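Colleague: no FASTA, just this:
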């Protein structure tokens, strides 16, 4: 994924910064509702697998937590699973 090294969770995800210096930014882990919103925003960019989503959210949310949030989104009809196993926003392909 291009730009992963430059991915700044505090800016992109809107999570509160707990500590910041020139080498590290520490943000508060997202709540379940925040995670659902974050996943929805990420999936607007392009369809992604759980592993791709986890690579963006590494250190913020476990794969299991991401799967639970995705299951919630699928059950609500807001996200669906493509034939290749990637998740996408309803209406996008």
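Modeller: Structure received. Quantities reported herein were computed from a predicted structural model and do not represent experimental measurements.

Colleague: Point me to the helix or strand that includes the spatially most central residue of the chain.
Modeller: Against the mean C-alpha coordinate of the chain, by Cα atoms, centre = their mean, the closest residue is residue 39 at 3.8 Å. Element membership for residue 39 (DSSP states H and E) is helix 32-45.

Colleague: just residue 52 next, same as before
Modeller: With DSSP H and E as the test, residue 52 turns up in helix 50-57.

Colleague: Please pull up the helix or strand immediately following that helix.
Modeller: Using DSSP H and E, the first helix or strand after helix 50-57 is helix 63-75.

Colleague: residues making contact with that next one?
Modeller: Outside helix 63-75, the residues that touch it by Cβ atoms under 8 Å, 6 or more residues apart in numbering are 32, 35-36, 39-40, 50-51, 53-54, 57, 61, 79-81, 87. Yep, even glycine has a C-beta here, placed from its N, CA and C like the rest.

Colleague: List just the nearest of those residues to residue 17.
Modeller: residue 57 (16.1 Å; Cβ to Cβ).

Colleague: number of nearby residues for the closest residue to the closest one other than its chain neighbours?
Modeller: The shortest distance from residue 57 to any non-neighbouring residue, by Cβ to Cβ, 6 or more residues apart in numbering, is to residue 66 (6.5 Å). When neighbours are counted by other Cβ atoms under 10 Å, residue 66 registers 21.

Colleague: Check residue 66 and give its pLDDT.
Modeller: On the pLDDT scale, residue 66 is placed at 96.

Colleague: Residue 9 now?
Modeller: pLDDT, read off for residue 9, is 52.

Colleague: Also residue 85?
Modeller: Residue 85 is given a pLDDT of 95.

Colleague: ok, so what distance separates the residue of the chain positioned farthest from its centre from residue 60?
Modeller: Distance from the C-alpha centroid of the chain peaks at residue 22, with 24.4 Å (Cα atoms, centre = their mean). Separation of residue 22 from residue 60 (Cβ to Cβ, to the nearest Å): 21 Å.
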